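A.B. asks: Next one to model:
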Amino acid sequence: MAPHPVSATRPLRPRHRRTGPTVPHPAHRENGTVTDLAAFTALLAPEGQTLLAALRDYDPARELAVASRLRRDHPAELVSAALGQARLRQRAAAKFGAEDAYRMYFTPNGVEQSTRAAVGSYRAARLKELGVGSVADLCSGIGGDALALARAGISVLAVDRDPLTAEVARANAAALGLADLIEVRCADVTEIDTAPYDAVFVDPARRGGRGRIFDPEAYSPPLSWAVGAARKAPRAALKIAPGIPHETVPAEAEAEWISDGGDVKEAVLWFGTEPGARRATLLPSGASLTGRGLPDPAVRPVGRYLYEPDGAVIRAHLVAELAEELSGGLVDETIAYVTADALVPTPYASAYEITDVLPFNLKKLKALLREREVGNLTVKKRGSAVEPEEVRRKVRPKGPNAATVLLTRVAGAPTMLIGHPVRAEQS
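C.D. replies: Numbering: from 1, shown residues only. Model prediction:
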């Protein structure tokens with residue numbers, strides 16, 4: 001069988017010190033965690049809350065002027081902490097929505113690693129549908145998943161070993177009115193007894209000092225430990241990187257790849273559901289494609305339509321299932337482009353009507369685009385070493401018309417497919 005097709009500043013010192021919450025000066029810190037925790041606690045006090053409210057809509061480009069003004073009336077360290085939190089809230093709005101983000105609290109790692117709210121809500125709803133009433137959320141971070149679970153009516157034990165992170169999670173539960181459903185515990189997740197809970201959710205840290213971690217056994221805790229914890233629970237969900245090799249997925253787990261707005265966000269290993277199943281779920285629609293163990297699609301000539309599968313479909317190795325639904329085939333055995341003669345409604349792919357199939361040649365492309373007066377040019381690629389910006393620079397599109405060029409391989413040969421997008425979503 002052929003390989004599965006794939007794509008794819010330092011703050012200023014104040015002139016005058018005003019009274020306010022006691023926050024240790026950085027020069028006096030014994031370790032970063034203690035001092036940061038003290039600074040965060042100060043933000044929860046009335047003066048800190050006043051500062052955060054004043055900074056809700058501040059412009060980061062004017063931070064120096066804003067900081068100088070605020071330090072006339074507030075301690076410098078408290079102003080610095082509030083400015084840092086305001087920046088994090090602005091970043092977090094994309095994940096949590098402005099309404100929640102500007103009430104919540106964050107750490108830099110928390111913003112970077114927390115689950116997007118739409119994905120957390122989907123996962124929580126699925127656990128609720130499975131009859132789960134309580135969850136041990138291990139490696140809970142700032143509590144993003146715990147909040148989603150609680151909003152679904154599930155009681156949560158949220159566990160994180162970092163004191164500051166645990167305190168932020170506790171503050172988030174209170175800020176969103178969910179403290180009655182969320183117990184936050186600062187502890188080592190390996191020491192938690194999960195027997196009293198209906199399900200376990202584990203979100204191992206996948207970033208280290210050098211950036212993203214790709215080896216599942218280098219997660220913290222390792223994937224093998226998380227799988228062991230999942231096997232002890234009636235049901236479990238393990239959040240993992242979407243690039244996890246399929247061969248590392250335990251046989252008794254269901255693997256689900258989730259995209260949101262066309263971007264693949266995560267994979268989840270489910271225990272206690274459908275052993276061996278493979279699923280691609282697309283948000284916000286909630287459309288879900290399940291694997292049926294089909295062989296790789298046959299390669300066929302380019303038809304009238306080209307379909308670009310959603311990344312979750314590709315990651316889940318479900319291009320064959322999509323091709324069957326479209327009555328289509330591949331343009332190349334190693335490229336995840338499906339071609340067909342008819343336009344079939346599907347939520348799992350973007351569709352293009354193809355007008356030209358040409359061997360790769362930028363001079364011919366430039367001439368054709370000039371002849372058709374194409375100035376609005378979209379260039380996409382899959383299986384091509386040529387960068388879209390290079391193409392745009394060399395062909396210099398000009399004119400009132402629009403076109404899409406897809407650089408790929410067709411039956412092994414570098415090819416240019418020219419066309420335009422068409423709507424193929426299911427109603």
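A.B. asks: alpha carbons only for contacts and neighbour counts from here, please
C.D. replies: Will do.
A.B. asks: I'd say Thr273 and Glu256 touch.
C.D. replies: No - using Cα atoms under 8 Å, Thr273 makes no contact with Glu256, being 11.3 Å away.
A.B. asks: Could you list the buried residues of stretch 284-292?
C.D. replies: Across stretch 284-292, burial judged by 16 or more other Cα atoms under 10 Å covers 288-291.
A.B. asks: Redo the residues you listed as TSV? Include pLDDT.
C.D. replies: Shown next, in TSV, are the buried residues of stretch 284-292 (pLDDT from 0 to 100):
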residue	pLDDT
Ser288	97
Leu289	98
Thr290	97
Gly291	97
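A.B. asks: between Thr273 and Glu256, who's got more neighbours?
C.D. replies: Glu256 (24 against 16; other Cα atoms under 10 Å).
A.B. asks: The more buried one belongs to a helix?
C.D. replies: No - going by DSSP: H, G, I helix; E, B strand; the rest coil, the assignment for Glu256 is strand, not a helix.
A.B. asks: Enumerate every residue touching it.
C.D. replies: Going by Cα atoms under 8 Å, 6 or more residues apart in numbering, Glu256 touches 267-270, 278-281, 316.
A.B. asks: can we see that at 10 Å?
C.D. replies: Neighbour list for Glu256: 239, 242, 266-270, 277-281, 288-290, 312-313, 315-316 [criterion: Cα atoms under 10 Å, 6 or more residues apart in numbering].
A.B. asks: Same check on Asp198?
C.D. replies: Asp198 makes contact with 127, 131-136, 154-155, 233-236, according to Cα under 10 Å, 6+ apart.
A.B. asks: Over to Ala251?
C.D. replies: 275-277.
A.B. asks: Can you find the helix or strand in this structure with the smallest mean pLDDT?
C.D. replies: strand 207-208 (a mean of 64; mean pLDDT, DSSP states H and E).
A.B. asks: re the thing from before, among the contacts of Asp198, name the ones in strands.
C.D. replies: Secondary structure from DSSP state E places 134-136, 155, 235-236 of those in strands.
A.B. asks: nearest residue to Lys95 other than its sequence neighbours?
C.D. replies: With Cα to Cα, 6 or more residues apart in numbering as the criterion, Lys95 has its nearest non-adjacent residue at 4.6 Å, and that residue is Arg116.
A.B. asks: contacting residues around the spatially most central residue of the chain?
C.D. replies: The centroid of the chain falls nearest to Lys265 when counting by Cα atoms, centre = their mean (3.2 Å). Residues counted as contacts of Lys265 (Cα under 10 Å, 6+ apart) are 115-116, 119, 240-242, 257-259, 311-312.
A.B. asks: from these, which is closest to Arg372?
C.D. replies: If you rank the contacts of Lys265 by distance to Arg372 using Cα to Cα, Gly311 comes first, at 31.9 Å.
A.B. asks: so that closest one makes contact with Tyr337?
C.D. replies: No - counting by Cα atoms under 10 Å, Gly311 does not reach Tyr337; the two are 11.5 Å apart.
A.B. asks: picking up where we left off before, and the contacts of Ala251, which are buried?
C.D. replies: For the contacts of Ala251, a burial check counting by 16+ other Cα under 10 Å picks out 276-277.
A.B. asks: closest to Leu55 among the contacts of Ala251?
C.D. replies: Nearest to Leu55, judged by Cα to Cα, of the contacts of Ala251 is Ala277 at 47.6 Å.
A.B. asks: OK, contacts around the closest one?
C.D. replies: Shown in contact with Ala277 (Cα under 10 Å, 6+ apart): 251-256, 269-270, 290-293.
A.B. asks: so what pLDDT did it get?
C.D. replies: At Ala277, the pLDDT value in this model is 97.
A.B. asks: rewinding a little: name the nearest of the contacts of Lys265 relative to Pro400.
C.D. replies: Ranked by distance to Pro400 (Cα to Cα), the contacts of Lys265 are led by Gly311 at 31.6 Å.
A.B. asks: Which pLDDT value belongs to that closest one?
C.D. replies: We note a pLDDT of 97 for Gly311 in this prediction.
A.B. asks: Need the phi and psi values for it.
C.D. replies: Here is the backbone geometry of Gly311 (degrees, to the nearest 10): phi -60, psi -30.
A.B. asks: need the contact list for it.
C.D. replies: 6-8, 242, 257-260, 262-265, 280, 282, 317, 336, 348-349 are the contacts of Gly311 under Cα under 10 Å, 6+ apart.
A.B. asks: List only buried entries from those.
C.D. replies: Buried among these (16+ other Cα under 10 Å): 6, 242, 257-260, 262, 264-265, 280, 282, 317, 336, 348-349.
A.B. asks: What about those residues, which are in strands?
C.D. replies: 257-260, 264-265, 280, 282, 349.
A.B. asks: could you dump these to CSV with pLDDT and distance to Ala179?
C.D. replies: Below are these laid out as CSV (pLDDT from 0 to 100; distance: Cα to Cα, whole Å):
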residue, pLDDT, distance to Ala179
Trp257, 98, 30
Ile258, 98, 28
Ser259, 97, 30
Asp260, 96, 28
Val264, 96, 31
Lys265, 94, 27
Ala280, 98, 33
Leu282, 98, 31
Ala349, 97, 41
